[in-house]
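Student: 3D, please:
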Amino acid sequence: MGTPIVTAARIVRQDDLTRLVFDISEPVTPRAFVMSGPNRVILDLPEVAFQIDPSVGQLKTSRGRPGSHGLVSSFRFGRLAAGKARVIIDLTDPARIVRAETEAYDEGGQRLVVELARTDAESFAQAARDSVQDVAAPQPLRVETDAAKQIAAGAKPVVVIDPGHGGIDTGAIRPGVPIEKDLVLDFSRTLAEQLRKTERYQVVLTRDEDIFVPLGERVRIAQMAQAQLLVSVHADTMRAPGVSGATVYTVSERASDRYAAKLAEQENLADQIAGFDVKGDETSGVTDILFDLTRRETRAYSHLFARTLMSVWKEAGNLNKNPMRSAGFHVLKAPDVPSVLLEIGYLSSAHDAAQMRTPEWREKAASAVARSIDSFFEPRLRGRTASAVPQAEQARDENAVAAPVAAADK
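Tutor: Presented below is the predicted three-dimensional model:
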């Protein structure tokens, strides 16, 4: 018996019930529960292959506008981890799970049915509280790797490449174009291969397959590997017309502009999108002087690499009109790992979307990032000390972070 395959999904309304139905090749045993903040139904499954368009869960009205169907405002699905899949149903109103099961229908076919009925807010809140104790985050990935061992022995610098999103978190979707999670994984694999060929670095990917990795786990991977650089790769959408080109983000408490703030807010919802409880920032209350000094130095190096990357990228591709921005991205908050988030382009731009899907552009753009990494590490690769960032440059970086721009220059 192979992996069950889902080939279709639809919503059926009958009287006061709303049903989400998946056609599936063989029976599975689901585990269903509810979560609040926002109100959702979570359906955990064994490994399942979803051979359906991810956009089917972005519900629309008969006129093609975003809309809801009964108690369901939208739904998403995908691989959670090895051997695990998940369906998340966003609710319009509090609901109770009437049933969640696989049933047979004509000629031996199977379908997975989630049946929902309206309930009151108090009952839903209690059901969500009862579910919390059973909700487990994905097991930490085993990255106590060769990277940590080699760096402990004074070997090559460790570079962590972080393909954004993954698994049930698809990232941005544009009809007719590969979804963001797949585009950035392809780009990250290409970049990792180019870096490994130089034999200068130990390269770690936070994910090398279509699985979901929580934001905190991505940071932990970099820290466990004792990374000297993390590059998180993304390709988002933007509603404003004409926006295109690469953008490099660094972390800051105050966003450089409104768009950066909005994007950080959106990216920081990744764990919630995948159906996990969102915990507060573990470093927000840390005031230790040594910690603060380490964080300041790390952010100075992050800005140094961001500027280097922008300079080299111009030789290979287009830059956004405001190519260097900052905001409070959770994935960039390791206090001891210089980190940037690279938007390689915008799926909302027809030009960017067309070029991002081609192997030729991917090789060229990844080469620009690899050359930027070479320039960033050149003093260390030549045996010099790592403290080559002038104090004046560090102060300028901190001032740049602290002075937000009123609105994004698009």
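
Student: list the contacts for P175?
Tutor: Shown in contact with P175 (Cβ atoms under 8 Å, 6 or more residues apart in numbering): S55. Glycine gets a C-beta too; all of them are placed from N, C-alpha and C.

Student: and what of S311?
Tutor: Counting by Cβ under 8 Å, 6+ apart, S311 has contacts S372.

Student: same check on L347?
Tutor: Neighbour list for L347: A172, I173, R174, V177, E180, L183, A235, D236, T237, A353, M356 [criterion: Cβ under 8 Å, 6+ apart].

Student: reformat those as JSON lines; add distance to Y105.
Tutor: Formatted as JSON lines, those follow (distance: Cβ to Cβ, whole Å):
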{"residue": "A172", "distance to Y105": "35"}
{"residue": "I173", "distance to Y105": "30"}
{"residue": "R174", "distance to Y105": "34"}
{"residue": "V177", "distance to Y105": "34"}
{"residue": "E180", "distance to Y105": "35"}
{"residue": "L183", "distance to Y105": "37"}
{"residue": "A235", "distance to Y105": "40"}
{"residue": "D236", "distance to Y105": "40"}
{"residue": "T237", "distance to Y105": "37"}
{"residue": "A353", "distance to Y105": "39"}
{"residue": "M356", "distance to Y105": "41"}
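
Student: between those, identify the one with the most neighbours.
Tutor: A235 (30 neighbours; other Cβ atoms under 10 Å).

Student: any idea how far that one is from A104?
Tutor: As defined by Cβ to Cβ, to the nearest Å, A235 lies at a distance of 41 Å from A104.

Student: L215 too?
Tutor: For L215, the distance to A104 - Cβ to Cβ - is 40 Å.

Student: let's see stretch 118-136 as PDB, backbone CA atoms only.
Tutor: In PDB, the C-alpha atoms belonging to stretch 118-136 read as follows (Å, rounded to 0.1, in the frame of the first residue of the first chain):
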ATOM      1  CA  ARG A 118     -22.200  26.200  14.000                       C
ATOM      2  CA  THR A 119     -21.700  26.500  17.800                       C
ATOM      3  CA  ASP A 120     -21.500  29.300  20.400                       C
ATOM      4  CA  ALA A 121     -18.300  31.200  21.200                       C
ATOM      5  CA  GLU A 122     -18.000  29.900  24.700                       C
ATOM      6  CA  SER A 123     -18.200  26.200  23.600                       C
ATOM      7  CA  PHE A 124     -15.700  26.800  20.900                       C
ATOM      8  CA  ALA A 125     -13.300  28.500  23.300                       C
ATOM      9  CA  GLN A 126     -13.500  25.600  25.700                       C
ATOM     10  CA  ALA A 127     -12.900  23.100  22.900                       C
ATOM     11  CA  ALA A 128      -9.900  25.100  21.800                       C
ATOM     12  CA  ARG A 129      -8.500  25.100  25.300                       C
ATOM     13  CA  ASP A 130      -9.000  21.300  25.600                       C
ATOM     14  CA  SER A 131      -7.100  20.900  22.300                       C
ATOM     15  CA  VAL A 132      -4.000  23.000  23.300                       C
ATOM     16  CA  GLN A 133      -2.500  20.300  25.500                       C
ATOM     17  CA  ASP A 134      -2.600  17.900  22.600                       C
ATOM     18  CA  VAL A 135      -1.000  20.200  20.000                       C
ATOM     19  CA  ALA A 136       2.700  19.300  19.500                       C
END
